[in-house]
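Peer 1: sequence first, then the predicted structure:
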Amino acid sequence: MVELLSEYEATGNSLLMKHRDHYSHSVYVFALGLAIYECSESYRDKFRDFYGLGGSPENERANRFLEFWGLTSLFHNIGYPFELPFEQVQSYFEVNNQERGKGYLNAIPCFYTDKPVDFPLVTRFDPGDAAIFAPLEHERWMREQLAMGWQHGEEYEKLPLDVPEDEKKNTRRALREQLRMHKLVMPGRPTSRQIAAHYRELDESDRNKDWKPFNNLLKQFDGLRIYRL
């Protein structure tokens, strides 16, 4: 089992920029516990009293410690290898969002730095900024949906649902995911000009979805300030 987890982790963590070797970590923890047991008489006494081994010979107590500590060091962090896929997805979106944010800052135009400079500080993006980068974000979203096989349609909003009223929104959202269908996805292979025109035809609430969340991007530039040129 240890070999299986080690191979899985070695393969999975190759996609991460940094990781902790769980296999080696378990060995180090195991060796540390053996060293503490060997060198600390008070630790051995606590172990003996806790498990009621006062009448057992020393070698038997040592074997019991070896058994218990071996299982503890192996399984204390057994879930870490299975966290790797989630870390891979998270790291992708963190890098992707920051790179996307840099491109949009260049379009506004703005720049970021970790030093105070004599330029207007950006604390929030406004509708004037949105007129520049929201169409870019709409095109990115559109091409991403099309690349994943989504298609235009509104059936998920029209199908009758036999669920309580407060559950209908989430049910329709789940149905949309299953059908891989969205009312805002354009059919065919739209050009950048067609997607830009499509954005201008959206109602205000849908246009706002393409830029208001980007105020959250300001939090991703941790330790940096964004300034207008």
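Peer 2: Structure received.
Peer 1: give me the secondary structure label for Val185.
Peer 2: Put simply, Val185 is coil when judged by DSSP: H, G, I helix; E, B strand; the rest coil.
Peer 1: give me every residue that touches it.
Peer 2: 142, 145-146, 150-153 (C-beta atoms under 8 Å, 6 or more residues apart in numbering). C-beta coordinates here come from the backbone N, C-alpha and C atoms, glycine included.
Peer 1: leaving out chain neighbours, which residue sits closest to Leu184?
Peer 2: What sits nearest to Leu184 in space, not counting adjacent residues and going by C-beta to C-beta, 6 or more residues apart in numbering, is Asp206, at 6.7 Å.
Peer 1: look up how far Ser42 lies from the residue lying farthest from the centre of the chain.
Peer 2: Largest separation from the mean C-alpha position in the chain: Gly55, at 52.3 Å (C-alpha atoms, centre = their mean). Distance, Gly55 to Ser42, by C-beta to C-beta, to the nearest Å: 20 Å.
Peer 1: cool, Met181 as well?
Peer 2: Between Met181 and Ser42 the computed distance is 67 Å (C-beta to C-beta).
Peer 1: and those two? which has more neighbours close in?
Peer 2: In this view Met181 and Ser42 are compared by other C-beta atoms under 10 Å, and Met181 has more residues nearby, 18 against 7.
Peer 1: what's the helix or strand hosting Asp49 packed up against?
Peer 2: Element membership for Asp49, per DSSP states H and E: helix 41-50. Applying 3 or more C-beta pairs under 8 Å, 6 or more residues apart in numbering; DSSP states H and E, we find helix 41-50 packed against helix 22-39, helix 58-75.
Peer 1: in CSV: these, plus mean pLDDT and distance to Asn216.
Peer 2: Formatted as CSV, those follow (pLDDT from 0 to 100; distance: least, C-beta to C-beta, whole Å):
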stretch, mean pLDDT, distance to Asn216
helix 22-39, 83, 32
helix 58-75, 89, 38
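Peer 1: save the ones you listed as JSON lines, and put in distance to Leu136 and mean neighbour count too.
Peer 2: Converted to JSON lines, these look like this (distance: least, C-beta to C-beta, whole Å; neighbours: other C-beta atoms under 10 Å):
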{"stretch": "helix 22-39", "distance to Leu136": "40", "mean neighbour count": "15"}
{"stretch": "helix 58-75", "distance to Leu136": "48", "mean neighbour count": "14"}
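Peer 1: a markdown table for those helices, including distance to Lys46?
Peer 2: Shown next, in a markdown table, are those (distance: least, C-beta to C-beta, whole Å):
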| stretch | distance to Lys46 |
| --- | --- |
| helix 22-39 | 10 |
| helix 58-75 | 11 |
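Peer 1: right, so of those, which gets closest to Glu157?
Peer 2: Judged by C-beta to C-beta, the one of these that comes nearest to Glu157 is helix 22-39, at 45.7 Å.
Peer 1: now do the SS call for the residue nearest to Leu184.
Peer 2: Per three-state DSSP, Asp206 ends up helix.
Peer 1: that one contacts His198, correct?
Peer 2: No. Judged on C-beta atoms under 8 Å, Asp206 makes no contact with His198 at a distance of 10.3 Å.
Peer 1: settle it for me: which of these two has more neighbours?
Peer 2: Applying other C-beta under 10 Å to Asp206 and His198 shows that His198 carries more neighbours, namely 17 against 13.
Peer 1: which neighbouring elements make contact with the host helix or strand of the more buried one?
Peer 2: His198 belongs to helix 192-201 when assigned by DSSP H and E. If contacts are counted by 3+ C-beta pairs under 8 Å, 6+ apart, helix 192-201 sits against helix 127-147.
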